[in-house]
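Asks: Please work out how this folds:
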Amino acid sequence: MRSTWLAPVVAAVLAVCVGSQEVQALAALSAGEVGQIISQAVQEATARGRPATIAVVDRAGNVLSVFRMNGANNPDADPTLRDISIVNNPNGPNMGLNGLTIIPDTMAAIAKAVTGAYLSSSGHAFTTRTASQIVQDHFDPGIAHTPSGPLFGVQFSQLPCSDFSRRLSDGPLVPQRSPLGLAADPGGLPLYKNGEVVGGIGVIADALYGYDANIFDRDSDIDELIAVAGEFNFAPPTNIQADHVTAGGQTLRFSDARPRDLATSPPNAPPFDAINNVAGAFVTVPGYYDSGRGLIGGVVYGTTSSGIRPDVSGIYDPVTPPAVLVDLADNLRFPVRGGSSVGGAADLTAQEVQLILRAAYQVSLRTRAQIRVPIGAVARINITVVDTNGTILGLVSSQDAPVFGLDVSVQKARTTVFLSSPLARIQLASNPTLDFYLEQARAYFGPNALDGSFAFSARATGNLARNSFPDGIEGTMNGPFSLPPNLATVFATGLQLDLVAANIVQDVLFIRSPTTQPDTAVGCTGLPATANGKPLLANGLQIFPGGFPIYRGGTLIGAIGVSGDGVDQDDLVAFLGLSNGGRDAGTGVGNAPPAMRSDQLTPFGVRLRYVSCPYGAFVGQNSSDLCNGL
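Replies: Residues are numbered from 1 along each chain as shown. All right, here's what the predicted structure looks like:
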């Protein structure tokens, strides 16, 4: 086993309390434990006669191993290219990524492992099966006339082209990119030590990358069974697993496979050295993992070496500090700064950004989480402020917030800027592959659609990006940023995917043929660059709640994005935090004037949503209408 280039494992785990938030002491997977996880999975796969490709990542998304068993996936294919297929559209012709047959098995395994790690925390443990339940066009899937899943669209975050996510060449900094975004295909599970999430395992053995369209039966999924074997002794506490968590009144799914379903006894798995180069071997994944490194120990999450650590400034809260992103030299990746996109006195100042971030964080410290155990725990969230070029002006994260929300908070902020400015109209009109969505928007809002006259929140954007309008109502037309119901799927969401599909495919080609194909560019979409030299949507567009444009009077000057422990909570923290921060600044900065908000629009007689703040949102208070009149 190779020595790790990541931080060494911290053996002792001690929970301490900081204010109202419990902060877990630091732990990580050792190289030996990574080998144990793989060996357990290989033993189960061997017993079932289903060779698999297995990936293990740490909480920051660093790939610690990719192990391909002999004969795994397409044994008749070129042995250097073990391709799998993305599921076909069951309702009509394939669009987007549906039916794509050239996906390397390693990409799927890594994406599944990243999903298990990124969606989980010490307060909730989610899997790729959980993801499948919450990203489909109904919640629960298959129930007609119900809204889409609460995280509809999150699968296209953590993108390989992201300018925000880190790459292998950047070192072990959070968040690392995922080759296929987040996965909905069962077989990706989180890994825990003493109640703390330390990584994820992803397995692909069935040569098909899809999702669970029917959650009302119990599947015997080979990928999930092998992953459960690998997770043995690294499983999350039972009380935080997804099937002990509710969202929107629905109980979530964790796994259809349990240890009692296994064909083998994981504790009896052979040492890793006994299977390496016998049952299979490490496999290099360009841009993600070098097989020459062998087994790698995980980075200690929450320390400088992981790229995220507690804030020491005392500015946001001296008792319960948030976390901040840093580089390997402990310099802030996103120090608070003023905007430079509008010009003159209109730009956001550094002081205003600081006050908005602080106010939003203070709201989060009182907000009851939706998806965190125990009931009544405060929400852990990620908060980002950007200017109208999409430049990040500041970012803070609650300690133990789910990692996926870092990237998503940036996506939400940039998305609201894009659609609230004339840039959306200009850039969509100039792109022959995207002007279809502008034409659909004109059918909804008239010839001046997307000209900057109205402020679009992330929630409003989501309303317009569903395959039925209003959301969930069967037999209606699709939203202007979506595809018709017979074409739209988890792998074909409309504008969101069409903006980045070429980037994803380029990453596929790079992993297949790194000597002839370049890696996908840093900066998604291929849209024209703004004044900061990058496309505005440089880490992709996002279509679920938690983002609002920032105005000074009637002038758009930036946006705030929030992502963490529940979408209504995201709305509350972003909207109320922006209002409170603007009030503290006393400079006229804040939410969009009510007359400009997209809830003033009523396409086809249906009023768009702008913000939805939960009732009883604050811990210990029967608060209501917290966002009314702001």
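Asks: Grab the nearest non-local neighbour of Gly123.
Replies: Arg372 (3.6 Å; C-beta to C-beta, 6 or more residues apart in numbering). For every residue, glycine as well, the C-beta is placed using N, CA and C.
Asks: ok, the one you found touching Gln569?
Replies: No: counting by C-beta atoms under 8 Å, Arg372 does not reach Gln569; the two are 9.7 Å apart.
Asks: Tell me which of these two has more neighbours.
Replies: Gln569 (29 against 24; other C-beta atoms under 10 Å).
Asks: which residue is nearest the middle of the chain?
Replies: Phe404 (3.6 Å; C-alpha atoms, centre = their mean).
Asks: Skip the chain neighbours and tell me the closest residue to that residue.
Replies: Tyr118 (4.0 Å).
Asks: Compute the distance between Gly292 and Thr516, please.
Replies: 21 Å (C-beta to C-beta, to the nearest Å).
Asks: now could you export just the CA positions of stretch 262-281 as PDB?
Replies: What follows is stretch 262-281, C-alpha atoms only, in PDB (Å, rounded to 0.1, in the frame of the first residue of the first chain):
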ATOM      1  CA  LEU A 262     -25.600 -10.300   1.700                       C
ATOM      2  CA  ALA A 263     -24.300 -13.600   0.400                       C
ATOM      3  CA  THR A 264     -21.100 -13.200   2.400                       C
ATOM      4  CA  SER A 265     -19.800 -12.200   5.800                       C
ATOM      5  CA  PRO A 266     -17.900  -8.900   5.300                       C
ATOM      6  CA  PRO A 267     -15.700  -9.500   8.500                       C
ATOM      7  CA  ASN A 268     -14.400 -12.600   6.700                       C
ATOM      8  CA  ALA A 269     -13.200 -10.800   3.700                       C
ATOM      9  CA  PRO A 270      -9.500 -11.500   2.800                       C
ATOM     10  CA  PRO A 271      -6.800  -8.900   3.300                       C
ATOM     11  CA  PHE A 272      -6.600  -6.400   0.400                       C
ATOM     12  CA  ASP A 273      -3.200  -7.600  -0.500                       C
ATOM     13  CA  ALA A 274      -4.600 -11.100  -1.200                       C
ATOM     14  CA  ILE A 275      -7.000  -9.800  -3.900                       C
ATOM     15  CA  ASN A 276      -5.000  -7.000  -5.400                       C
ATOM     16  CA  ASN A 277      -3.800  -8.100  -8.900                       C
ATOM     17  CA  VAL A 278      -5.700 -11.300  -8.400                       C
ATOM     18  CA  ALA A 279      -9.400 -10.500  -8.300                       C
ATOM     19  CA  GLY A 280      -8.700  -7.200 -10.100                       C
ATOM     20  CA  ALA A 281      -6.500  -4.200 -10.100                       C
END
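Asks: what is the rounded mean pLDDT of it?
Replies: For stretch 262-281, mean pLDDT rounds to 98.
Asks: where does the protein have low pLDDT?
Replies: Within the chain, the segments meeting pLDDT under 70 span 1-25, 74-81.
Asks: in it, which spans are helices?
Replies: 31-48, 105-118, 128-134, 222-231, 272-275, 350-364, 404-420, 423-429, 435-445, 458-464, 495-498, 501-512, 567-585 (DSSP state H).
Asks: which residue sits closest to Ala413, ignoring its sequence neighbours?
Replies: Among residues not flanking Ala413 along the chain, Gly561 sits closest, at 3.2 Å (C-beta to C-beta, 6+ apart).
Asks: hmm, back to that, hey, which of the helices of the chain is tucked in deepest?
Replies: Most buried of these by mean neighbour count (mean count of other C-beta atoms under 10 Å) is helix 105-118; its value is a mean of 32.
Asks: elements contacting that one?
Replies: strand 53-58, strand 63-69, strand 83-86, helix 128-134, strand 188-193, strand 196-204, helix 501-512 (3 or more C-beta pairs under 8 Å, 6 or more residues apart in numbering; DSSP states H and E).
Asks: okay, the first one in PDB with CA atoms only?
Replies: Translated: strand 53-58. Output of strand 53-58 as PDB, limited to C-alpha atoms (Å, rounded to 0.1, in the frame of the first residue of the first chain):
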ATOM      1  CA  THR A  53     -15.900  -1.500 -10.500                       C
ATOM      2  CA  ILE A  54     -15.600   0.000  -7.100                       C
ATOM      3  CA  ALA A  55     -14.600   3.600  -6.100                       C
ATOM      4  CA  VAL A  56     -14.000   5.100  -2.700                       C
ATOM      5  CA  VAL A  57     -13.800   8.800  -2.000                       C
ATOM      6  CA  ASP A  58     -13.300  10.900   1.200                       C
END
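Asks: Which strands border that strand, and is each parallel or antiparallel?
Replies: Applying DSSP bridges, strand 53-58 is found paired with strand 63-69 (antiparallel), strand 196-204 (antiparallel).
Asks: cool, the shortest one as well?
Replies: Looking at strand 83-86 with DSSP bridges, its paired strands and their directions are strand 103-104 (antiparallel), strand 208-209 (parallel).
Asks: for that strand, which positions count as buried?
Replies: By 16 or more other C-beta atoms under 10 Å, the buried positions in strand 83-86 come out as Asp83, Ile84, Ser85, Ile86.
Asks: likewise stretch 602-610?
Replies: For stretch 602-610, burial by neighbour count (16+ other C-beta under 10 Å) applies to Pro603, Leu608, Arg609, Tyr610.
Asks: do stretch 612-630 as well
Replies: For stretch 612-630, using 16+ other C-beta under 10 Å, the buried residues are Cys613, Pro614, Ala617, Phe618, Val619, Ser623, Leu626, Cys627, Leu630.
Asks: Could you identify the most distant pair in the residues you listed?
Replies: Largest separation among the buried residues of stretch 612-630 by C-beta to C-beta: Val619 and Leu630, giving 20.6 Å.
Asks: before we move on, back to that, neighbours of the residue nearest to Ala413, how many?
Replies: The number of residues packed around Gly561, counting by other C-beta under 10 Å, is 30.
Asks: quick one: the closest residue in space to Val396 that isn't next to it in sequence and Asp400, what's the gap?
Replies: In this structure, Val396 finds its nearest non-sequential neighbour in Pro322, 4.2 Å apart by C-beta to C-beta, 6+ apart. Distance from Pro322 to Asp400, counting by C-beta to C-beta: 11 Å.
Asks: how about the strands of the stretch 451-600 of the chain, start to end?
Replies: For the stretch 451-600 of the chain, applying DSSP state E, counting those that start in this stretch gives strands covering 547-552, 555-563, 589-590.
Asks: what's the angle from the longest one to helix 567-585?
Replies: With axes from the mean of the first three to the mean of the last three C-alpha atoms, to 10 degrees applied, the angle from strand 555-563 to helix 567-585 works out at 140 degrees.
Asks: Give the partner strands of strand 555-563 in its sheet and their orientations.
Replies: Here, using DSSP bridges, strand 555-563 pairs with strand 382-386 (antiparallel), strand 547-552 (antiparallel).
Asks: Check which residues of that strand are buried.
Replies: So, applying 16+ other C-beta under 10 Å, buried residues of strand 555-563: Leu556, Ile557, Gly558, Ala559, Ile560, Gly561, Val562, Ser563.
Asks: what distance separates it from the centre of its chain?
Replies: Taking C-alpha atoms, centre = their mean, to the nearest Å, one finds strand 555-563 lying 19 Å from the centre of the chain it belongs to.
Asks: Then the first one?
Replies: Between the mean C-alpha point of strand 547-552 and the mean C-alpha point of its chain there is a distance of 22 Å (C-alpha atoms, centre = their mean).
Asks: What count of nearby residues applies to the nearest residue to Phe126 once chain neighbours are set aside?
Replies: Nearest residue to Phe126, sequence neighbours excluded (C-beta to C-beta, 6+ apart): Leu119, at 3.8 Å. Neighbour count for Leu119, taken as other C-beta under 10 Å: 29.
Asks: Next up, the contacts around Leu119.
Replies: By C-beta atoms under 8 Å, 6 or more residues apart in numbering, the contact set of Leu119 is Phe126, Thr127, Thr130, Ala131, Leu182, Pro190, Pro402, Phe404.
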